[in-house]
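J.: Need the 3D shape of this:
(chains A and B)
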Amino acid sequence: MGVDVLISKPSKGSSGKTGLWRTFKPVYYEERCIGCGECYLYCPEDCIVMKGLKVEIDYEFCKGCGICSNVCPANAIEMVKEL
Amino acid sequence: MRTILTGNYAVAEAVRLSRVKVIAAYPITPQTTIVERLAEMVESGELDAEFVRVDSEHSALAVVYGSATAGLRSFTATSSHGLLYMYEMCWWVANARIPLVMAVVTRTIGPPWNIHTDHTDILTLRDSGWIIAMAENVQEALDLTIQGFRISEEVNLPFVVGLDAFVLSHTAEVVDVPSQEDVDLFLPERRQAYVLNPNDAIAIGNIAQNEHMMRLRFEMAKDMEKSKDVIEDAGKEFGEIFGRSYGLVEHYRTEDADYVVVMSGAWCGDAKEAIDVLREKGIKIGLLKLSYIRPFPREEIRKLDGKDVLVVDRSFSMSYKGILGLEVGSVLDCKNVIAGLCGVDVSVEEFVKMFKMFTNGEIRDVEWWLK
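T.: Numbering: from 1, shown residues only, chains lettered A, B, ... in the order given. Have a look, this model is predicted:
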């Protein structure tokens, strides 16, 4: 019996480069960042990576949902319309 | 060990002997005493299992769906409205190809409230992908429950065993409760197509492409057909170990019969007695008991070709015929009596009368046995 349709192995990029879905892009202002890690904890797609007390955003897979910007207490992430 | 048990307690014994690890259930008459007894067994240490109390039948099947997906032998039981309340999860378990066993104590669906037997509730599962077995007596309820685990785990389809409300569930009969050693001999270690394991993560319940999902239903249909051999093999081996053989159907005095009655469930016992009465009068009549409704024993029914066939239904599909009448009618021409709905009792004497009318050609295509 085949189980391919029933289960899948989670892996990065299994749905393709979802960054292409983005309408708004999170832009990170390092100088405002207080390093609290809220954006990292809330990102539903694991697209925010902590680098010490700063973060990096993976634009290849970020779908632009804006949750990081919404939860940031320091206003360090702004959503900007993609061109 | 020979002892006296009600159908519900016999099912509980079968679950214990099958070394079930997780039970979740919500009480509903007339099923309640199955899981009540199991809860006692867990509490006293007779059964090494988790008993999960839940807020509804939907949650009950959801819990055992989870535990069975994680690789544990799991069981639940329900009736009537409880089955309908868990109906969504029934399809979820079947399509996910998760082996588990459920007992359904067949009961009328309301309103108005009625707790007595009717097969329409269990037969709502017929399109879903569950294997459906029906017990004639308390011993069969016990034996089919044990076989259910083996069959379900071999074909990756869930298994439901039906037993009639009160007639079996609350009626005590002499039964042989097998020894643990013999059941261990019959029942292999659990296997299944895939297992949820935190050390090797997989995702389940994904969105599937249409073409792939249709192929899933196609594979289920193939495996449902394949389960016929698995059922026959398991039933035969069960007979070798325990002295009671099982199969998709049971023939009762059909060898030389000109007339054959097709039925399923507890009242087959009464029908057999009625057949004996007619046989004594020289009427060549027999009974084909359907021990399984899914997979549907088409081949066995086709062998009745050339005989006069009467289907006596304890279910109705709100169309032209009873549910079994439609099923058997898809294989060969048959007459159909709708009787015993909503717990209406049909005595041996009435079966004698009904079968006499049948052999005299006095039964129309569809006949309601009203009182």
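J.: Near chain B, which residues of chain A are found?
T.: Residues of chain A lying near chain B by CB under 8 Å from any CB of the partner chain: A:1-10. Backbone N, C-alpha and C define where each C-beta goes, glycine included.
J.: between those residues, which is closest to residue B:133?
T.: residue A:1 (21.1 Å; CB to CB).
J.: can you give me the helices for chain B?
T.: Using DSSP state H, the helices of chain B run over residues B:7-17, B:32-44, B:57-69, B:80-85, B:87-95, B:120-123, B:138-155, B:180-186, B:210-242, B:268-280, B:298-302, B:323-329, B:348-359.
J.: Of those helices, which is nearest chain A?
T.: Nearest of the helices of chain B to chain A, taken as CB to the nearest CB: helix B:210-242 at 4.3 Å.
J.: Any residue of the closest one touching chain A?
T.: Yes: counting by CB under 8 Å from any CB, chain A has neighbours in helix B:210-242: B:212-213, B:215-216, B:219, B:223.
J.: now residue B:69, nearest residue through space, not along the chain?
T.: Leaving aside its chain neighbours, residue B:69 sits nearest to residue B:196 (4.9 Å; criterion: CB to CB, 6 or more residues apart in numbering or on different chains).
J.: quick one on the thing from earlier: need the helices of chain B in TSV (columns: distance to residue A:20 and mean pLDDT).
T.: TSV is the format used below for the helices of chain B (distance: least, CB to CB, whole Å; pLDDT from 0 to 100):
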stretch	distance to residue A:20	mean pLDDT
helix B:7-17	52	98
helix B:32-44	52	98
helix B:57-69	34	98
helix B:80-85	43	98
helix B:87-95	32	98
helix B:120-123	49	98
helix B:138-155	42	98
helix B:180-186	56	98
helix B:210-242	23	97
helix B:268-280	63	98
helix B:298-302	51	97
helix B:323-329	51	98
helix B:348-359	70	98
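J.: With mean neighbour count as added columns, please give those helices in TSV.
T.: Formatted as TSV, these follow (neighbours: other CB atoms under 10 Å in any protein chain shown):
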stretch	mean neighbour count
helix B:7-17	27
helix B:32-44	19
helix B:57-69	23
helix B:80-85	22
helix B:87-95	18
helix B:120-123	26
helix B:138-155	26
helix B:180-186	14
helix B:210-242	15
helix B:268-280	18
helix B:298-302	16
helix B:323-329	23
helix B:348-359	18
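J.: Over to residue A:31. Which of the three states is it?
T.: Three-state call for residue A:31 (DSSP: H, G, I helix; E, B strand; the rest coil): helix.
J.: So residue B:223 versus residue A:31, what's the distance?
T.: 62 Å (CB to CB, to the nearest Å).
J.: repeat for residue B:321
T.: Residue B:321 is 78 Å from residue A:31, where distance means CB to CB.
J.: One more: residue B:120?
T.: 71 Å.
J.: next one: residue B:264
T.: Relative to residue A:31, residue B:264 is positioned 77 Å away (CB to CB).
J.: quick one: which of those two has more around it?
T.: Neighbours per residue, other CB atoms under 10 Å in any protein chain shown: of residue B:264 and residue A:31, the larger number sits with residue B:264, 29 against 6.
J.: coming back round to it: adding pLDDT, write the residues of chain A next to chain B out as TSV.
T.: Shown next, in TSV, are the residues of chain A next to chain B (pLDDT from 0 to 100):
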residue	pLDDT
A:1	81
A:2	81
A:3	86
A:4	84
A:5	88
A:6	91
A:7	90
A:8	85
A:9	81
A:10	75
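J.: Buried among these? Need that as a selection in PyMOL.
T.: In PyMOL syntax, the buried subset of these is picked out as below (16 or more other CB atoms under 10 Å in any protein chain shown):
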select buried, chain A and resi 1+3+5+6+7
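J.: Nearest to residue B:1 among the residues of chain A next to chain B?
T.: Once CB to CB is applied, the member of the residues of chain A next to chain B that ends up nearest residue B:1 is residue A:1, at 37.7 Å.
J.: Could you pull up the residues touching that closest one?
T.: Applying CB atoms under 8 Å, 6 or more residues apart in numbering or on different chains to residue A:1 gives the contacts B:97, B:156, B:193, B:219, B:223.
J.: quick one, what contacts the residue nearest to residue B:92 when sequence neighbours are not counted?
T.: Distances taken as CB to CB, 6+ apart put residue B:65 closest to residue B:92, at 6.4 Å, once the chain neighbours are dropped. Neighbouring residues of residue B:65 by CB under 8 Å, 6+ apart: B:89, B:92-93, B:96, B:98, B:100.
J.: now swap in residue B:219 and tell me
T.: Contacts of residue B:219 by CB under 8 Å, 6+ apart are A:1-2.
J.: just residue B:343 next, same as before
T.: B:108, B:114-118, B:165-166.
J.: gap between it and residue B:142?
T.: 23 Å.
J.: What of residue B:342?
T.: Counting by CB to CB, the gap from residue B:342 to residue B:142 is 27 Å.
J.: repeat for residue A:6
T.: Here residue A:6 is placed at a distance of 32 Å from residue B:142 (CB to CB).
J.: before we move on, what about residue B:321?
T.: Applying CB to CB to residue B:321 and residue B:142 gives a distance of 32 Å.
J.: nearest spatial neighbour of residue 13, skipping sequence neighbours?
T.: Since you didn't name a chain, this refers to chain A. Of all residues not flanking residue A:13 in the chain, residue A:61 sits nearest, at 6.8 Å (CB to CB, 6+ apart).
J.: could you do chain B instead?
T.: residue B:177 is the one closest to residue B:13 (CB to CB, 6+ apart), at 5.3 Å.
J.: Thanks a lot, see you next time.
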